[in-house]
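Visitor: Sequence first, then the predicted structure, then my questions.
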Amino acid sequence: MIPTGLLFDPAFLSHRQGDLVYVVPHGTLNLGEHFDSPLRLAYTKQLLDAVGMTERLTRVAFARATDEQLLRVHRPEYLRQLAEACAVAGEQVVRLGDDAAGSASTEDVARLAAGAACAAVDAVMTGPLRQAYALIRPSGHHAGADFAMGYCYYNNVAIAARHAQAAHGVERVAIVDWDVHHGNGTQQAFYDDPSVLFVSLHEAANFPVDGGEARETGGGAGAGYNANVPLPSGTGDAGYRHAFDELVLPLVEAFAPQLILVSAGQDANAFDPLGRMRVQRDGFRHMARALRQAAGGACGGRIVMLQEGGYSLPYLPIATLGVLEGLVGWNAPFDDPHQFVQYPLGEGERAAVKAARAALAPYWPTLHRS
């Protein structure tokens, strides 16, 4: 079992986006709890506690991110606007961006999540830990330099990458994003930067719909350092394993990062309301284990995973347990009550990975074979 840090604070549960409300003729229809419910993290933490995972992890202390840390990714006027909007929200839920609402506590909690991401980097860069999981909320990978979007306000993984570079002299950071939605904010942050390799595996034609194509491979000096693998709906464990074997792991190995960061959004799970994929606990376990092993070979085992999406209250805890099992190297004594037969690798998954390899092959000799 590998020593692993855990970063969590009950304060992450205080951020609220209000209820899910439909606008209908002559009024509104309130459907209750928003997809981004605080229960997502509460139930996940409860399962980790109940199966004995938490006691095998080392708690890592953290504080709110400083302006200096946030400003490496976000613009000053955006920090000011977000703080002011939340300060005047009172008891109300207010619109903060495209599909991103919040309340009085949102900016403070988002700053705490970003601070946890930076503290996780500190923990693995200075030792004795070499890996950590930040069970944080709100998510971050949709947030851009000057906008909130898709339940995200500060881009936690981008802030963590810049912190690693500024505070620890890291020259090469690899970011792997397996959230079912494309990490558009992270892509924007590093699109022209060869010091950060960004690899996103996501469902094709999901949110956001105007990006995440295989042809988006980076610009300027960053050409070839942005990899998108838009996978077809219905992709399960076999498809993600194929993408890892054929693209993700060869790229990470060739890039030789000094730190691996993971946007660990478990909404590619088979029961998620905001995705149409079929990944199960074993699939998440495999991806985490594969990246942990890649980190062992490339960067002394230094890897940090940051919670992103995942909106199935019954299954997010199980999927996240699978991730931690793969990261720690210990399988919990818990049987998945939702497990079902997996579909074999299909031609759609093969074609998607092949297209991504073809787009990146001009930049990476390791991808030249057909």
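Guide: The structure has been received and is ready for your questions.

Visitor: What about the residue nearest the centre of the chain? Give its phi and psi, please.
Guide: Nearest to the mean C-alpha position of the chain, counting by Cα atoms, centre = their mean, stands residue 263 at 2.1 Å. The phi/psi pair for residue 263 (degrees, to the nearest 10) reads phi -80, psi 100.

Visitor: Quick check: closest non-adjacent residue to it.
Guide: Beyond its immediate neighbours in the sequence, the residue positioned closest to residue 263 (Cβ to Cβ, 6 or more residues apart in numbering) is residue 177, lying 3.8 Å away. For every residue, glycine as well, the C-beta is placed using N, CA and C.

Visitor: Ok, residue 316 next?
Guide: Residue 316 sits nearest to residue 310 (Cβ to Cβ, 6+ apart), 3.9 Å away.

Visitor: separation between the one you found and residue 256?
Guide: Look at residue 310 and residue 256: by Cβ to Cβ, to the nearest Å, they are 30 Å apart.

Visitor: And for residue 332?
Guide: Applying Cβ to Cβ, the value for residue 332 to residue 256 is 33 Å.

Visitor: These two - which one has more neighbours?
Guide: residue 332 (19 against 13; other Cβ atoms under 10 Å).

Visitor: The more buried one contacts residue 52, doesn't it?
Guide: Yes. Residue 332 is in contact with residue 52 according to Cβ atoms under 8 Å; the separation is 6.3 Å.

Visitor: count of neighbours near residue 250?
Guide: Tallying neighbours of residue 250 according to other Cβ under 10 Å, which is how burial is gauged here, yields 18.

Visitor: now the strand or helix carrying it: mean pLDDT?
Guide: Taking DSSP states H and E as the definition, residue 250 sits inside helix 249-255. Averaging pLDDT along helix 249-255 yields 98.

Visitor: Give the other helices and strands that it contacts.
Guide: Contacts of helix 249-255 with other secondary structure elements, assessed using 3 or more Cβ pairs under 8 Å, 6 or more residues apart in numbering; DSSP states H and E, are made with strand 173-177, strand 196-203, helix 281-298.

Visitor: Take these and write them to JSON lines, including mean neighbour count and mean pLDDT.
Guide: Rendered in JSON lines, the data for the helices and strands packed on helix 249-255 read as follows (neighbours: other Cβ atoms under 10 Å; pLDDT from 0 to 100):
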{"stretch": "strand 173-177", "mean neighbour count": "27", "mean pLDDT": "99"}
{"stretch": "strand 196-203", "mean neighbour count": "27", "mean pLDDT": "99"}
{"stretch": "helix 281-298", "mean neighbour count": "22", "mean pLDDT": "98"}
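
Visitor: Export these to CSV and append columns for distance to residue 80.
Guide: As requested, the helices and strands packed on helix 249-255 are exported to CSV (distance: least, Cβ to Cβ, whole Å):
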stretch, distance to residue 80
strand 173-177, 27
strand 196-203, 26
helix 281-298, 36
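
Visitor: out of those, nearest to residue 236?
Guide: helix 281-298 (6.7 Å; Cβ to Cβ).

Visitor: mind checking how far the helix or strand containing residue 6 is from the chain centre?
Guide: Of the helices and strands defined by DSSP H and E, residue 6 is found in strand 5-7. In this view, strand 5-7 has its centroid 16 Å away from the chain centroid, taken as Cα atoms, centre = their mean, to the nearest Å.

Visitor: average pLDDT for the following helix or strand past that strand?
Guide: On the C-terminal side of strand 5-7, the nearest following helix or strand under DSSP H and E is strand 19-24. Summarised as a single mean, pLDDT over strand 19-24 is 89.

Visitor: Mind giving me the packing neighbours of strand 19-24?
Guide: Based on contacts counted as 3+ Cβ pairs under 8 Å, 6+ apart, the elements that strand 19-24 packs against are strand 27-33.
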